[in-house]
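Enquirer: Here is a sequence with its predicted model. Questions after.
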Amino acid sequence: MRSFTDVFIRHPVLAVVVNLVIVLVGWRALTSLPVQQYPQIESSSVVITTVYYGASAETVRGFLTTPIERAVSAIGGVDYVESTNRAGVSTVTVRLKLNHSSTAALAEVTARLQQVRSELPAEAEPPVVEMQRADRPYATFYLSFTSTERTVPEITDWLTRTIQPQLATLEGVQRVTNNEGGRPIAMRVWIEPERLAALNLAPGDVHAALQRNNYLAAVGQTKGNQVQVNLLANTDLRSVDEFADLIVAERGGAIVRLSDVARVELGAEEADLVAKYNDRESVYLGVWPLVGTNEIDVAGRLREEMERLRPTLPADIDMRLVYDGTMFMRDALKEITKTLVETMLIVGLAVFLFMGSIRTALVPLVAMPVSLVGAAIVMYAFGFSLNLLTILAIVLSVGLVVDDAIVVVENVE
């Protein structure tokens, strides 16, 4: 060790060059470190949602939740399984063990669901599988959209067609959701029980007619000498009148259409929750950054995109960034920078007062930033990020650097 340090003592120019290299490479590594509130860990859960319209909570539990739980509980890496049963909806959440591969778990869950699909009721919708971060089940940013003229379904439809795709293309954004307050436009069919009973029909007949006729499929193609035509069976219904004219059944030689037994209107899906900003109903867009990205940089790009979109918004639409999950990290970085500067000044002043030499006081003032910036090289090499724990470690290490610098100065003197 003595011979290693003697090289820099005998060659001060080499020592200066090495320190400059450490500062330059360390600064490049420091600016490349991802900034997150918490350390990056593989803590995920698989959420399986199955819709069974018209079924009670007990029926959902017996025919949907139980077979799905039995199938997914046997896969590897499962910590525990929890479920929620509501009328018409089964939600099974598979909590994975810490640092278990979410990709492998997703593939295995999908395969197990295909095996038990035949056990589920034919009337139930296919299970929908999605991954969710267990350590952060909510988005990092939330944008609020309110309007003085449009209804919530109209705002939702406008966001889905215009704003949501543009925000999803931002660098570092994983996905953009509108589950908080959004109500997609839907065709609502209100069955009249008296008319249905008079024609000896059941709600299942209406449901079957909708499934049977609202259908789109390619049936093949026909070829001639010079012409090839693709054949398409298109019974896709789009307007209220087309749905109203839908044939449900035939009774006594007369055709029963949907308008004879039900009222059809263009409305919105049932609201699971009502979101408000202050006292006005609002639709929220949740922006989820990619895992491992610098969330502060994503916040900056999101704000720039909002400023770019603001002049193009309709006059009745008000857009606001109502929640910014990086605010705490920005404050923490600001405070740590302030603390480091104050520490360096206090240490330099204390060394100058006790040693009486400006040259001696410059030693800890140079050693601290070089050591801290050089530590960023190791952090970047091992995949660390700037988060609450690593920032705390940096604060604690400042004391060690200052102590070592003062001891070295005293020994030299």
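Expert: That came in fine, so what should we check first?
Enquirer: Sort out which residues of the biggest helix by length in the chain are buried, please.
Expert: Criterion DSSP state H: the longest helix present in the chain is helix 327-355. Neighbour counts over helix 327-355 (16 or more other C-beta atoms under 10 Å) mark Met329, Ala332, Ile336, Leu340, Thr343, Met344, Val347, Gly348, Val351, Phe352, Met355 as buried. Every C-beta, even on glycine, is put in place using the N, C-alpha and C of the backbone.
Enquirer: next one: stretch 32-40
Expert: Neighbour-count burial for stretch 32-40, counted by 16+ other C-beta under 10 Å, picks out Leu33, Pro34, Val35, Gln36, Gln37.
Enquirer: surely Leu388 meets Leu333?
Expert: No. Leu388 lies out of contact with Leu333 (C-beta atoms under 8 Å); the separation is 10.6 Å.
Enquirer: Name all residues that make contact with the residue nearest in space to the middle of the chain.
Expert: In the chain, the residue lying closest to the centroid (C-alpha atoms, centre = their mean) is Trp288, at 3.2 Å. For Trp288, the contact set (C-beta atoms under 8 Å, 6 or more residues apart in numbering) comprises Ala139, Thr140, Val173, Gln174, Arg175, Val176, Thr177.
Enquirer: Look at it and tell me its secondary structure.
Expert: Secondary structure assignment for Trp288 (DSSP: H, G, I helix; E, B strand; the rest coil): strand.
Enquirer: repeat for Trp27
Expert: Of the three states, Trp27 takes helix under three-state DSSP.
Enquirer: So, low pLDDT: which residues of this structure?
Expert: 1-5, 38, 40-42, 134-136, 214-219, 232-236, 291-292, 405, 408-413 (pLDDT under 70).
Enquirer: per the record, what domains does the chain have?
Expert: In terms of domains, the chain is parsed into 2-37+329-412, 42-134, 136-184+269-325, 206-268 (source: automatic domain parsing).
Enquirer: of the ones you listed, which approaches Arg195 most closely?
Expert: domain 206-268 (4.7 Å; C-beta to C-beta).
Enquirer: starting at the chain centroid, how far to the closest one?
Expert: 37 Å (C-alpha atoms, centre = their mean, to the nearest Å).
Enquirer: going forward can the numbers begin at 177, since that is how I track them
Expert: Yep, numbering from 177; the last one is domain 382-444 now.
Enquirer: any idea how far Arg271 lies from Gln404?
Expert: In this structure, Arg271 and Gln404 are 53 Å apart, going by C-beta to C-beta, to the nearest Å.
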